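Undergrad: Structure for the following, please:
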Amino acid sequence: MLVNADIYVKDVPGQLVSALEPMTMLNANIIGVVHSREQMVSGRIAVNITFDVDPDLIGKLKDIWISRDVIVAKIGSVIKLHYLVFMVIGGVTADSMQEILDKAAEVTEVESSDIRVSTKSSGRNTAMVTVGLKSPEDLDKFDNFISEACKTGGYTYIKGVEQ
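TA: I've put the predicted structure just below:
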C-alpha cells in the first residue's frame with residue numbers, strides 16, 4: 001500500500017536516519033523524502049515520507065517511531081484522484097455551489113473540492129470548480145449530476161475548463 005506520513009524529528013545529527021531505518025527493517029520501499037528545515041516546531045524538523053509497505057505493518061512502524069521519539073503528525077494511504085475542472089455561470093454563489101457539491105458527494109466519492117467565485121453586480125457570477133474523485137467512473141456520474149443540477153438552477157455549465 002502506498003503511504004504518506006508527516007513526522008517531526010529532533011534537529012540533531014542522526015535523527016533522520018533513525019526515523020528511516022525502521023522502514024528498511026519492515027521492507028518498506030521509500031518513494032520520496034522531503035526534509036524541511038524551514039518548517040520547525042519545538043526544535044523538530046518536519047519530514048514528509050512517501051513509501052510502499054504492507055498495510056499490516058503500519059501500526060508497528062508507528063510504534064517504532066514513537067519509541068524513537070519521532071512525532072507522527074499524520075500517516076495515511078495515498079489515494080490517486082481523478083480531477084474534473086469546470087465553470088458555472090449565472091446567479092451562482094459560493095453557498096449554492098457548495099450545496100450542489102454536497103449533493104453530488106451523496107452519489108459519488110468526492111475526495112476534494114475547490115470553489116472560486118467571482119461576483120458581479122449584475123448577478124451573473126462565475127464559479128471555477130475543481131473536484132477530485134476517487135474513481136474514473138465517478139467522473140461520469142459527477143459530470144451528469146452537475147450538468148442536471150446546473151440546468152435545474154438555471155446556470156450555464158462548462159466542463160473541462162483549465163485554470
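Undergrad: Report back the residue of the chain that's furthest from centre.
TA: Of all residues in the chain, residue 122 has its C-alpha farthest from the mean position, at 35.0 Å, by CA atoms, centre = their mean.
Undergrad: where does it land in three-state SS?
TA: Here residue 122 takes the coil state, with states given by DSSP: H, G, I helix; E, B strand; the rest coil.
Undergrad: same check, this time on residue 5
TA: Assigned state for residue 5: strand (three-state reduction, three-state DSSP).
Undergrad: Can you tell me who it pairs with across the strands?
TA: Judged by DSSP bridges, the bridge partners of residue 5 are residue 49, residue 75.
Undergrad: show me what contacts residue 63?
TA: For residue 63, the contact set (CB atoms under 8 Å, 6 or more residues apart in numbering) is empty. Bear in mind the C-beta positions are built from the backbone N, C-alpha and C, glycine included.
Undergrad: do you know how far it is from residue 76?
TA: Separation of residue 63 from residue 76 (CB to CB, to the nearest Å): 17 Å.
Undergrad: Per-residue pLDDT of residue 56, please?
TA: Per-residue pLDDT puts residue 56 at 89.
Undergrad: Run the chain-centre distance for the longest helix anywhere in the chain.
TA: Scanning the chain for the helix with the most residues, using DSSP state H, yields helix 136-153. How far helix 136-153 lies from its chain's middle: 21 Å, per CA atoms, centre = their mean, to the nearest Å.
Undergrad: Skip ahead from that helix and say which helix or strand is next.
TA: Downstream of helix 136-153, the first helix or strand assigned by DSSP states H and E is strand 156-159.
Undergrad: And the strands in the chain?
TA: For the chain, the strands defined by DSSP state E occupy 2-10, 29-41, 44-52, 71-77, 82-90, 110-118, 125-133, 156-159.
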